[in-house]
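[1] build the 3D model from these lines:
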Amino acid sequence: GIASFLSDQDENVVMEATRAIHDVLHPSRHALLALAEMLETTKLTREPFLRRAINANRLLADAASAERLLAFAARAGVPKSMREDALRSAATWMRSVPIDRVQGFARVSPTGPSDALHQALTKHLGQLAESGGAALVELVAAARYQAGAPFLMQIISAQSTTMKTRVRAMEALVTLDSPEAHRLMKEAAGSEQTAMRQVAHRYLAKHARHETDTVSLLTQALSCNDLKERQQAYRLLGELKALTVLREEMVQLNQGNRSAEIHLDLIEAVRASADEEALNTLADYEAAKSADDPLAKYRESLSGGDLSLGKGIFQTNVIAQCIRCHKHKGRGGEIGPDLTEVGKRLTPELLLSSLVQPQAEIAEGYGLVSLTLDDGGTIAGTLIKETQESVSIKDPTGNIQEINPTKIVARSPALSSMPPMGDLLTRRELRDLM
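    Sure, this is the predicted structure:
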């Protein structure tokens, strides 16, 4: 059968056979096994081949496949990207995955036997620990591999490891319910590293919520230098219903003693606490806003946002769908203005206004109008440009028509096709998008 071509001397033939076996919706189990077994001995280094051989083992999801995946990842000389791919494939072992990792179509990778994965981890962890990094941390956590706790402790204490990986190892230790987790988090709460303190604060707020030290630590975090740490502290204090702290913070906010970047976080924390006294102070704060200010409801969104979260909202939020109409750094639609350097063109207030009341001021070339002509006809589209000699309208098909202004007898006000984002996004989402 086609599996026999996997042993051909010509790499191109092997590659075509690999695709023929792997890329069909319902591959032959016999051929898939032959491809999976190549992971044990192959000297081929082509990434498309290795990814399919790795995925063949994940599709088979039996004990032998678990061993092949981790043995391959532990082997010296394996490209780093492929080692990580094998480990991340194994990290999905304990659950069914409905989308194929290589092809992206609907094809289920079934749940594999946990004992087989644990046995393979026990056999290869020592070798994997030398180069597994973040992908191995993810695997140990996903596999609920209790014997991996010492490895995680080693990662956490390793100064040469990236902070992101060290933090993930701390979270993995909690996932394993390790006896070391509580002691470690207590120590990390006093760390000089902001990211480690943040993980510790989240843990203590959940697992040590009734300890007086927890509220004290979070209160101290309100005055730290890192904005994200301060914002998280407010959220956690709200969840813990630390009423004394929140009441005082609202008083300070009302007196203008709190920076704008945390206003929204404090307000949300007070609402989460449902404390009547703090809510009354919040009501006084809201009442003091100008009734004539159209942005009054949203001013807390002007500063303090998270750039990475805002990027995600712009690119992937299915409600706002920003990228369908707006381009940013060459990506996106052209229905609305290019937003690549909008921060240089507009003040924060104007940018916020354009989001929550898009009809207030429409960028030139993007207003929708309807023109009635002297011959009774109508033309509708986007007003591109207007001079004394000509009005340029782009119709829905993209064609631009030039109309003599003397032939226009009536016109509708220019409208924006953008809905008010304040109706679609939360104030926190608006802040991140800003």
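[2] pLDDT weak spots in the stretch 301-434 of the chain?
    For the stretch 301-434 of the chain, the stretches with pLDDT under 70 are 365.
[3] mind redoing it with 80?
    Applying pLDDT under 80 to the stretch 301-434 of the chain picks out residues 334-336, 360-367, 395-398, 414-417.
[4] please enumerate the strands of it.
    Secondary structure of the stretch 301-434 of the chain (DSSP state E, counting those that start in this stretch): strands at 327-328, 331-332, 367-373, 378-386, 391-394, 400-403, 408-411.
[5] okay, now the sheet partners of the last one, with direction.
    Here strand 408-411 is paired, per DSSP bridges, with strand 367-373 (antiparallel).
[6] what residues sit buried inside the strand it pairs with?
    Across strand 367-373, burial judged by 16 or more other CB atoms under 10 Å covers 367-369, 371. To be clear about C-beta, it is placed using only N, CA and C from the backbone, and glycine gets the same treatment.
[7] and of those residues, the nearest to Ala71?
    Using CB to CB, Leu368 comes nearest to Ala71 of these, at 62.0 Å.
[8] residue contacts, the closest residue to that closest one other than its chain neighbours?
    Closest residue to Leu368 apart from its sequence neighbours, by CB to CB, 6 or more residues apart in numbering: Leu415 at 4.7 Å. Applying CB atoms under 8 Å, 6 or more residues apart in numbering to Leu415 gives the contacts 359, 362, 367-369.
[9] could you do Ala158 as well?
    Residues near Ala158 by CB under 8 Å, 6+ apart: Arg166.
[10] how near is it to Val215?
    Distance, Ala158 to Val215, using CB to CB, to the nearest Å: 32 Å.
[11] all helices of the stretch 201-350 of the chain, in order?
    For the stretch 201-350 of the chain, helices defined by DSSP state H, counting those that start in this stretch occupy the ranges 212-221, 227-240, 243-254, 263-273, 276-287, 307-316, 322-325, 342-345, 348-356.
[12] output stretch 182-191 as PDB - backbone C-alpha positions only.
    Extracted in PDB, the C-alpha atoms of stretch 182-191 (Å, rounded to 0.1, in the frame of the first residue of the first chain):
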ATOM      1  CA  HIS A 182       1.000  27.400  49.500                       C
ATOM      2  CA  ARG A 183       4.500  28.000  50.900                       C
ATOM      3  CA  LEU A 184       5.800  29.100  47.600                       C
ATOM      4  CA  MET A 185       3.000  31.600  47.000                       C
ATOM      5  CA  LYS A 186       3.500  33.100  50.400                       C
ATOM      6  CA  GLU A 187       7.100  33.600  49.600                       C
ATOM      7  CA  ALA A 188       6.300  34.900  46.100                       C
ATOM      8  CA  ALA A 189       4.000  37.600  47.500                       C
ATOM      9  CA  GLY A 190       7.100  39.300  48.800                       C
ATOM     10  CA  SER A 191       9.100  38.800  45.600                       C
END
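[13] what about that stretch, average pLDDT?
    Computed over stretch 182-191, the mean pLDDT rounds to 92.
[14] any idea of the mean pLDDT in stretch 21-40?
    The pLDDT scores in stretch 21-40 average 96.
[15] quick check: buried residues in that stretch?
    Across stretch 21-40, burial judged by 16+ other CB under 10 Å covers 21-22, 27, 31-39.
[16] and the residues you listed, which is closest to Val14?
    Nearest to Val14 among those: Met38, at 8.6 Å, using CB to CB.
[17] work out for me the element the closest one sits within.
    Met38 belongs to helix 29-41 when assigned by DSSP states H and E.
[18] for that helix, packing partners?
    helix 11-22, helix 47-60, helix 63-74 (3 or more CB pairs under 8 Å, 6 or more residues apart in numbering; DSSP states H and E).
[19] hang on, the earlier thing: and the buried residues of strand 367-373 as a markdown table, adding distance to Phe49?
    Converted to a markdown table, the buried residues of strand 367-373 look like this (distance: CB to CB, whole Å):
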| residue | distance to Phe49 |
| --- | --- |
| Gly367 | 54 |
| Leu368 | 52 |
| Val369 | 57 |
| Leu371 | 61 |
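[20] closest one to Val78 among the helices of the stretch 201-350 of the chain?
    The minimum distance between Val78 and the helices of the stretch 201-350 of the chain falls on helix 307-316, with 31.0 Å, by CB to CB.
[21] give me the buried positions along that closest one.
    310, 313-314.
[22] also stretch 238-256?
    Within stretch 238-256, the residues that count as buried by 16+ other CB under 10 Å are 238, 240-243, 245-247, 249-251, 253.
[23] let's have those residues in TSV, adding distance to Leu264 and pLDDT.
    Formatted as TSV, these follow (distance: CB to CB, whole Å; pLDDT from 0 to 100):
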residue	distance to Leu264	pLDDT
Gly238	12	96
Leu240	19	95
Lys241	19	95
Ala242	18	94
Leu243	20	95
Val245	17	96
Leu246	14	97
Arg247	18	97
Glu249	13	97
Met250	13	96
Val251	18	96
Leu253	11	96
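[24] and of these, the nearest to Asp306?
    Gly238 (17.8 Å).
[25] once you drop chain neighbours, what's closest to the closest one?
    Of all residues not flanking Gly238 in the chain, Ala269 sits nearest, at 3.0 Å (CB to CB, 6+ apart).
[26] my read is that that neighbour contacts Arg247, right?
    No: Ala269 sits out of contact with Arg247 when judged by CB atoms under 8 Å, with a separation of 11.2 Å.
[27] for the residue lying farthest from the centre of the chain, phi and psi?
    Going by CA atoms, centre = their mean, the residue of the chain most distant from its centre is Asp375, 54.2 Å out. Main-chain dihedrals, Asp375, degrees, to the nearest 10: phi -90, psi 10.
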